[in-house]
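J.: Fold the following for me, if possible:
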Amino acid sequence: MVTVLIRHKVADFNTWKASFDAAFSLRKASGENSFRLYRDATDPSALTLLFEWDTAEHADKFLKSEELRLEMKHAGVLGDPEMRVLLEVVAMRRTAAD
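T.: Alright, predicted model coming up:
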């Protein structure tokens with residue numbers, strides 16, 4: 001599995017979220033399969049996003065795209081985001097039976 005990790009701060013969460021939601025089709029067409037969004041417990045302007053992507057190559061191309069840079073700027077992302085493409089090595093899911 002290919003996971004994309006993005007961390008950044010935003011000027012206004014609601015503005016950012018509207019822009020993020022509007023880019024759904026762009027991300028899907030670029031290879032995104034799913035995402036999870038987290039806000040920092042002590043700093044609600046600090047966001048962490050985890051995406052599942054179809055391939056590392058597609059993820060890397062998307063992260064380096066001018067289109068993403070413009071979307072992030074428009075959405076109010078502050079500073080330079082941390083962006084990583086991660087390849088899963090081991091996964092374990094616990095169940096109630098464990």
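J.: all helices for this protein, in order.
T.: Counting by DSSP state H, the chain has helices at residues 13-22, 24-30, 56-63, 66-75.
J.: Any stretches of the chain with poor pLDDT?
T.: In the prediction, the chain carries no residues with pLDDT under 70.
J.: buried ones in the longest strand seen in it?
T.: The longest strand of the chain (DSSP state E) is strand 77-87. Buried residues in strand 77-87, counted by 16 or more other Cβ atoms under 10 Å: 77, 81, 83, 85. Using the backbone N, CA and C atoms, a C-beta is placed for each residue, glycine as well.
J.: Then stretch 28-38?
T.: 30-32.
J.: And the closest residue to Ser34 other than its chain neighbours, how far from Phe13?
T.: Nearest non-adjacent residue to Ser34, counting by Cβ to Cβ, 6 or more residues apart in numbering: Glu52, 4.6 Å away. Glu52 is 23 Å from Phe13, where distance means Cβ to Cβ, to the nearest Å.
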